[in-house]
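Novice: No sequence on hand, only this structure:
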């Protein structure tokens, strides 16, 4: 089992403090780096950047993320970066913080989050379960392999290159959902599939922040794009610790109208537990 | 047409500034008040509190809200309050800010938001439309009237009183969705219905922040509760200016598990445009 994700999201506290933030206004500062290879055409994936911030927030509070909202301000590039986490409210069970990540004088992201673990009071009401998927090896990669039908055609008619990000990830789409790759979108703004790390790094609550933004935009399958889909805001509800094994994921853009695109994800573990749910507000690609 | 909502969410800038926030770190301070009568048993409705903050953010930036995330820290009670809005990023089209509302030494809410209007690039892909509803007058109020079947039984077996909030609002539920009122939950965690203000105040983008949290929790119809459903975080995507007239709304909790409850809303105007979409992470009532 690899450590690629853990290494690529490592943070080091640099303010001299070692204790969790104890009250409103307390801060912790971290040094970190945006690693090469987690990008789409040179811009680091938003979920990856948020996972780095998630690791800093967890280190600053001693708690796992519960609900995390990130506003994307400036593209992140490989290189050193710094993170400041500031406590807003420190409760017995839940801690609310803001976090900011900066690089070369630019603020990359601003985050508002509550961390901690909800107490399971034993009620359950689920409108849906995990998507039905063929086995991992019978699902389809997000980028066509050389020699495969549609190879290199992820964004026909442009010089769009296969994103380096997907070398890090074991992303496998449900057959039929890959139509956007070769100019045959399915007609429905949905992509379901498996998620793992390419090196089988363990998937923890921090990694779920990345998983929420790890697949190609499902709106491509509605015939919108392919092209750059800038995320304005991403909110991830981190609901449970994932059991070992690949995750079943469903990404869907139900509402694209008036220049606004929503993208939702539901992420399920091998037990069938909903481990994360996310929604982002993005802007449609200008095609 | 009334002005009740506008008056109940009025803010006054008190830092002497009159210009919109121009760059990162710029702040604007506002005096405001939480008004009596917008509460559930003495605690002001979260959407109402968020609307007050929304008005301050709009005044500070000269732009309407686009995506707004609120973390609820402390219950708001009727009385004076103050709001500080701080710019994070000021772009040509979109402005990102944080905002904080305080009352009697407590921080009530912390907000992270991006304001501005998305440019309509003319693409559209909608997986669903507004809910089918009988006419407003054939729908059902959220609190049983005296003499009506189930009157006063909103929360059977407790001393729960009809929330004062609903005197301000014209909330009318689709017949069949009111079962939770009298101990006959429909079995599905969904409530659809009409929204207007009781005094027919106009519904603008600020009001949509309230609408997102204005109905009884749909989880009551799954037989969970009735009871207090504390919201940890509420995110509202304010997608378009509502056309005049009551709004068609659908509230649903699709995933209740492991001590975490999500509640989504889709809010449609009289033209059939999706004017707002929201999701909150809340904790199930302890019944």
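Specialist: Yes, it's here. The shown structure was predicted, so the numbers you read here are calculated from the model rather than taken from an experiment.
Novice: what residues does the stretch 1-150 of chain A put near chain B?
Specialist: Residues of the stretch 1-150 of chain A lying near chain B by Cβ under 8 Å from any Cβ of the partner chain: A:24, A:66-67, A:69, A:71, A:73-74, A:88-89, A:94, A:96, A:98, A:107, A:110-112, A:114, A:117-121, A:123-128. Bear in mind the C-beta positions are built from the backbone N, C-alpha and C, glycine included.
Novice: Kindly list the longest strand within chain A.
Specialist: Assignment by DSSP state E gives strand A:79-90 as the longest strand of chain A.
Novice: how much distance is there from that strand to the middle of the chain?
Specialist: On the basis of Cα atoms, centre = their mean, to the nearest Å, strand A:79-90 is displaced by 19 Å from the centre of the chain it belongs to.
Novice: Partner strands of it and their direction?
Specialist: Its sheet considered, strand A:79-90 pairs with strand A:27-34 (antiparallel), strand A:95-103 (antiparallel) by DSSP bridges.
Novice: Output those strands in JSON lines; the columns should cover mean pLDDT.
Specialist: Shown next, in JSON lines, are the strands paired with strand A:79-90 (pLDDT from 0 to 100):
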{"stretch": "strand A:27-34", "mean pLDDT": "98"}
{"stretch": "strand A:95-103", "mean pLDDT": "98"}
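Novice: Reformat these as a markdown table; add mean neighbour count.
Specialist: Shown next, in a markdown table, are the strands paired with strand A:79-90 (neighbours: other Cβ atoms under 10 Å in any protein chain shown):
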| stretch | mean neighbour count |
| --- | --- |
| strand A:27-34 | 20 |
| strand A:95-103 | 23 |
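Novice: Tell me which of the residues of the stretch 1-150 of chain A next to chain B fall in strands.
Specialist: In strands, defined here by DSSP E, the members of the residues of the stretch 1-150 of chain A next to chain B are A:66-67, A:69, A:71, A:88-89, A:96, A:98, A:107, A:110-112, A:114, A:125-126.
Novice: Nearest the middle, which residue of chain A would you pick?
Specialist: Nearest to the centroid of the C-alpha atoms of chain A, with distances taken as Cα atoms, centre = their mean, sits residue A:210, at 2.6 Å.
Novice: about what we covered before: looking at the strands paired with strand A:79-90, which is nearest to residue A:16?
Specialist: strand A:27-34 (9.1 Å; Cβ to Cβ).
Novice: Just give me how far the closest one sits from the chain centre.
Specialist: That offset, for strand A:27-34, works out to 19 Å (Cα atoms, centre = their mean).
Novice: Next one: residue A:22 from chain B, what distance?
Specialist: 16 Å (Cβ to the nearest Cβ, to the nearest Å).
Novice: what about that residue, how many neighbours?
Specialist: For residue A:22, the tally of surrounding residues (other Cβ atoms under 10 Å in any protein chain shown) stands at 12.
Novice: Quick check, pLDDT for it.
Specialist: For residue A:22, the pLDDT comes out at 98.
Novice: Assess the claim that it and residue A:90 are in contact.
Specialist: Yes - applying Cβ atoms under 8 Å, one finds residue A:22 in contact with residue A:90, separated by 6.2 Å.
Novice: Give me the contact list for the longest strand of chain A.
Specialist: A:11, A:14, A:21-34, A:52-53, A:56-57, A:60-61, A:95-104, A:108, A:112, B:71, B:73-74, B:107, B:110 (Cβ atoms under 8 Å, 6 or more residues apart in numbering or on different chains).
Novice: So, low pLDDT: which residues of the stretch 151-287 of chain A?
Specialist: Counting by pLDDT under 70, the ranges of the stretch 151-287 of chain A that qualify are A:151-162, A:287.
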